[in-house]
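Peer 1: Need the 3D shape of this:
(one chain, ligands or ions: 1)
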Amino acid sequence: MIILVVNGPNLNLLGTREPGIYGSTTLAQIEERLRERAKALDCEVEFFQSNHEGAIVDYLHSKMGEANGVVLNPGALAHYGLSLRDCLAALADVGVPAIEVHLSNIHAREGWRSNLVLAPVAKGMVAGVGWRGYLAALEVLVGLLREAQSTSL
Ligand code: DQA
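Peer 2: As a prediction, the model looks like this:
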């Protein structure tokens, strides 16, 4: 089972970027924790980060037919990334679900952060629990995919 862990704009700056909101854990540290958890869950994780919506769409297209699911922190693309939204809808259509992750509680911040254009095509969302949200999303995704595999046998 292959899970893609994708991070959008500005998430490469985690650790130093507004630590009061996003914490002081770096993206490399989050990826290491995910790698460990993936080992325990017996699945593979592949990581990708870009500050460009089109690069994320290209990456996801390149993994179609290979990846089973996506853990995605889209950064601000969550609020306006319509080509990413259409990409996630295409992935969902071929049975590849995405779980959206936000480190911060977007609903407790500026009003515009509650405008969520990807959420309607995501399988679910984890928000407001910091870096642990990525681990929760990975566990949920693997659990849902395994359940779907076993019921389709
Ligand atoms: C974020 C929330 C977004 O609103 C923001 O633009 C980010 C980070 C989060 O993880 O809390 O870049 O996705």
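
Peer 1: Those residues of the chain touching the ligand, which are they?
Peer 2: 10, 73, 75-76, 78, 102-104, 106, 113 (C-beta under 6 Å from any ligand atom). In this view, the C-beta of every residue, glycine as well, is placed from N, C-alpha and C.

Peer 1: What subset of those residues is buried?
Peer 2: Buried by 16 or more other C-beta atoms under 10 Å: 73, 75, 78, 102-104, 106, 113, out of the residues of the chain next to the ligand.

Peer 1: quick one: Ala38 from Ala127, how far?
Peer 2: Ala38 sits at a distance of 22 Å from Ala127 (criterion: C-beta to C-beta, to the nearest Å).

Peer 1: Can you dump the C-alpha atoms of the helix or strand hosting Arg33 in CSV for me?
Peer 2: In the assignment (DSSP states H and E), Arg33 maps to helix 27-41. Extracted C-alpha coordinates of helix 27-41, given in CSV (Å, rounded to 0.1, in the frame of the first residue of the first chain):
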residue,chain,number,x,y,z
LEU,A,27,8.7,19.2,7.9
ALA,A,28,11.7,16.8,7.8
GLN,A,29,10.9,15.8,11.4
ILE,A,30,7.2,15.2,10.6
GLU,A,31,8.3,13.1,7.6
GLU,A,32,10.6,11.0,9.8
ARG,A,33,7.7,10.4,12.3
LEU,A,34,5.5,9.4,9.4
ARG,A,35,8.1,7.1,8.1
GLU,A,36,8.3,5.3,11.5
ARG,A,37,4.5,5.1,11.8
ALA,A,38,4.2,3.8,8.2
LYS,A,39,6.6,1.0,9.1
ALA,A,40,4.4,0.1,12.1
LEU,A,41,1.4,0.2,9.8
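
Peer 1: Done for today, thanks.
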